[in-house]
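>>> Turn this into a structure:
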Amino acid sequence: MTGDGVAGRRVVVAGAGVTGRAVARVLRERGAAVRVVDTADGERQQAAAATLAADGVEVRLGATVGDVDGADLVVASPGWRLDQPLLAAARANGTEVIGEPELAWRLRDPGVPWLGVTGTNGKTTTVGMLEAVLLAAGRRTVAAGNVGLPLVDAVTTTPPYDVLAVEVSSQQLAWSPSPRFHAGALLNLAPDHLDWHDTMDAYVAAKTRVWTGATAVAVVDDPRVAALAPPGALRVSLVDADADYAGVGGVLTAGGEPVMRADELRVGGPHNVSNALVALALARTVGVPLDIAAGALREFAPGRHRNETVAEVGGVRYVDDSKATNAHAAAASLAAYPSVVWIAGGLLKGADVDDVVAANAGRLRGVVLLGRDRDVVADALARHAPDVPVSVVTTTDTGAMSEVVRRAAGMARPGDTVLLAPAAASWDMFRDYAERGDLFAAAARALDGAARA
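Model (predicted):
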């Protein structure tokens with residue numbers, strides 16, 4: 001199936017979220033007979049169903065395995081596991097099941113290169129940097145995939161983009177075997193989404209699909225990435241000055257040539273120096289000059305909920321890094337601050353937090369825990385940081401964040417950072433990490449308002 005070869009085919013789209021709706025719209029525009037199914041039947045799914053139905057798309061909520069019968073193709077949204085019963089039933093019937101990036105690849109203009117970024121953490125910031133660099137170079141581009149514009153929309157835009165900056169998750173890659181990125185970068189590998197992939201090996205196998213194209217970019221400071229990097233990969237490092245793209249001694253270099261100082265970046269932390277080097281490496285594969293790339297990186301500002309300072313009260317800084325949804329991300333966030341009151345907890349997705357606690361025990365002024373898996377974090381603190389004060393908030397409604405921030409403020413001293421870097425997903429208490437971050441920011445600003453009153 002290439003180009004408009006979906007016309008007349010019966011396609012089931014699994015999932016009525018943002019991705020599913022975009023897929024349904026693109027398929028319908030190309031003449032496919034589309035049915036959207038979702039096993040949930042909540043308010044959000046009903047609102048999505050109403051929108052789709054208004055566009056003439058059949059929708060079945062509370063779907064069962066029979067709802068995939070007769071399909072020629074099934075397109076799965078990223079959150080749907082490989083063994084989900086509807087999708088397993090489709091495969092048992094001999095129906096092909098693919099992900100949205102796979103569909104986008106089949107519908108793409110072959111002349112538009114994809115620059116791919118994946119990794120446990122840092123994907124969105126790196127893709128944002130890459131998009132900024134490409135735009136500064138005059139390329140018509142967009143951040144697409146797991147962030148920004150759905151890929152099926154990006155590849156069907158008229159006129160076509162010059163190049164795409166593509167963020168891909170492990171779930172998307174698991175469903176999409178065909179994409180061959182002009183250049184693909186793997187930032188890091190740490191246990192995450194093991195509730196979806198079941199094993200670390202399966203997670204790693206999905207992530208390394210980003211390297212199936214012409215050029216691989218590997219952050220070799222991560223030992224897992226270094227061990228798996230294919231021959232000829234462009235190496236990125238903050239410790240090896242001889243790497244293809246290096247950030248040693250406070251200077252970013254490309255092929256040994258100085259590009260810019262690390263302190264010129266507006267985003268803090270060593271991990272963001274590494275992210276900038278990856279964006280630079282990817283942009284260079286499509287001919288972006290170093291001086292233009294450096295200028296764009298100097299101007300780049302982080303997105304919401306990524307080490308975002310939201311308030312300063314009584315000499316204490318309040319930082320929203322709600323996007324730190326796993327232990328690896330939380331460790332990178334904690335490393336940026338010398339004295340921290342850490343807000344942590346939520347859905348750990350099967351991951352271990354012992355290493356992040358042990359590595360950062362010395363910088364913890366105190367910890368406030370919330371969410372379903374708070375006891376797991378509390379146990380790790382008892383083992384590795386027994387002298388650090390811990391406060392546990394047991395309520396699980398969204399209003400709990402005000403109490404969390406109040407307790408954190410009580411622990412903090414001037415010069416400290418109250419850091420929301422939960423090391424966990426948010427869905428046990430919040431709609432998503434953005435809502436969690438927004439509520440944290442609102443509570444911190446309320447403290448500021450009270451202090452000024």
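>>> Quick check: A227 vs L186, distance?
Separation of A227 from L186 (C-beta to C-beta, to the nearest Å) stands at 11 Å. All C-beta atoms are positioned from the backbone trio N, CA, C, and that covers glycine.
>>> With neighbour numbers in mind, choose between those two.
Under the criterion of other C-beta atoms under 10 Å, the comparison of A227 against L186 puts L186 first, with 28 against 10.
>>> mind listing what that one touches?
118-119, 207-208, 210-211, 216-219, 225, 228-229 (C-beta atoms under 8 Å, 6 or more residues apart in numbering).
>>> Output those residues in a markdown table; the columns should cover neighbour count, secondary structure and distance to E299.
As requested, the contacts of L186 are exported to a markdown table (neighbours: other C-beta atoms under 10 Å; DSSP: H, G, I helix; E, B strand; the rest coil; distance: C-beta to C-beta, whole Å):
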| residue | neighbour count | secondary structure | distance to E299 |
| --- | --- | --- | --- |
| T118 | 30 | strand | 25 |
| G119 | 27 | coil | 23 |
| K207 | 27 | helix | 30 |
| T208 | 22 | helix | 32 |
| V210 | 25 | helix | 27 |
| W211 | 21 | helix | 30 |
| A216 | 22 | strand | 28 |
| V217 | 31 | strand | 22 |
| A218 | 27 | strand | 27 |
| V219 | 28 | strand | 23 |
| V225 | 24 | helix | 28 |
| L228 | 18 | helix | 33 |
| A229 | 20 | coil | 30 |
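>>> How about stretch 171-190, which residues are buried there?
171-176, 179, 181-190 (16 or more other C-beta atoms under 10 Å).
>>> So which of these belong to helices?
Secondary structure defined by DSSP state H assigns Q171, Q172, L173, A174 of these to helices.
>>> Can you show me the strands along the stretch 51-200 of the chain?
Taking DSSP state E, counting those that start in this stretch to define them, one finds strands in the stretch 51-200 of the chain at 58-61, 73-76, 96-99, 114-118, 143-145, 164-167, 183-186.
>>> hey, C-alpha coordinates of the fourth one in CSV?
Coordinates of each C-alpha in strand 114-118 appear next as CSV, following Å, rounded to 0.1, in the frame of the first residue of the first chain:
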residue,chain,number,x,y,z
TRP,A,114,12.8,12.0,8.2
LEU,A,115,15.2,12.9,11.0
GLY,A,116,14.2,10.7,13.9
VAL,A,117,14.8,11.0,17.6
THR,A,118,14.0,8.4,20.3
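>>> which residues touch that strand?
With C-beta under 8 Å, 6+ apart as the test, strand 114-118 has contacts from 108, 123, 126-127, 130, 163-170, 173, 179, 181-187, 207, 210, 213, 278, 282-283, 285-286.
>>> Likewise for the first one?
With C-beta under 8 Å, 6+ apart as the contact definition, strand 58-61 has outside contacts at 16, 34-38, 40-41, 45-46, 48-49, 52-53, 67.
>>> how about the contacts of L186 in TSV, adding pLDDT and distance to R266?
Converted to TSV, the contacts of L186 look like this (pLDDT from 0 to 100; distance: C-beta to C-beta, whole Å):
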residue	pLDDT	distance to R266
T118	95	24
G119	93	21
K207	93	28
T208	95	31
V210	97	27
W211	97	30
A216	98	28
V217	98	23
A218	98	26
V219	98	21
V225	96	26
L228	96	32
A229	97	29
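>>> which non-adjacent residue is nearest D432?
Nearest non-adjacent residue to D432, counting by C-beta to C-beta, 6 or more residues apart in numbering: S426, 5.9 Å away.
>>> what's the one you found in contact with, if anything?
When contacts are counted by C-beta under 8 Å, 6+ apart, S426 touches S322, T325, G346, L347, G371, D432, Y433, E435, R436.
>>> ok, of those, which one's closest to D83?
Nearest to D83 among those is L347, at 19.8 Å by C-beta to C-beta.
>>> since we're on that closest one, how many residues are nearby?
L347 has 18 neighbouring residues, counting by other C-beta under 10 Å.
>>> Surely it and D432 touch.
No: the pair L347 / D432 is not scored as a contact, 11.7 Å apart, by C-beta atoms under 8 Å.
>>> Closest one of the contacts of L186 to A143?
For those, the nearest to A143 is T118 (13.7 Å; C-beta to C-beta).
>>> Give me the number of neighbouring residues for V220.
If you count neighbours by other C-beta under 10 Å, V220 ends up with 19.
>>> pretty sure E312 belongs to a strand, no?
Yes: judged by DSSP: H, G, I helix; E, B strand; the rest coil, E312 forms part of a strand.
>>> for the contacts of L186, which one is nearest A301?
Comparing the contacts of L186 against A301 with C-beta to C-beta places G119 closest, at 20.9 Å.
>>> Quick check: closest non-adjacent residue to the closest one.
Nearest residue to G119, sequence neighbours excluded (C-beta to C-beta, 6+ apart): L187, at 2.9 Å.
>>> In terms of residue numbering, what are the domains of the chain?
The record's domain parsing of the chain by automatic domain parsing lists 10-102, 108-299, 308-452.
>>> first vs last residue of the longest one, how far apart are they?
The first and last residues of domain 108-299 sit 31 Å apart, counting by C-alpha to C-alpha, to the nearest Å.
>>> Could you count how many residues lie near the closest residue to L115 other than its chain neighbours?
Closest residue to L115 apart from its sequence neighbours, by C-beta to C-beta, 6+ apart: L282 at 4.6 Å. Neighbourhood size, L282 [other C-beta under 10 Å]: 31.
>>> Report the contact partners of L282.
L282 neighbours (C-beta under 8 Å, 6+ apart): L115, V117, L130, A165, A183, A185, V217.
>>> redo that, cut-off 7 Å
L115, L130, A183, A185, V217 (C-beta atoms under 7 Å, 6 or more residues apart in numbering).
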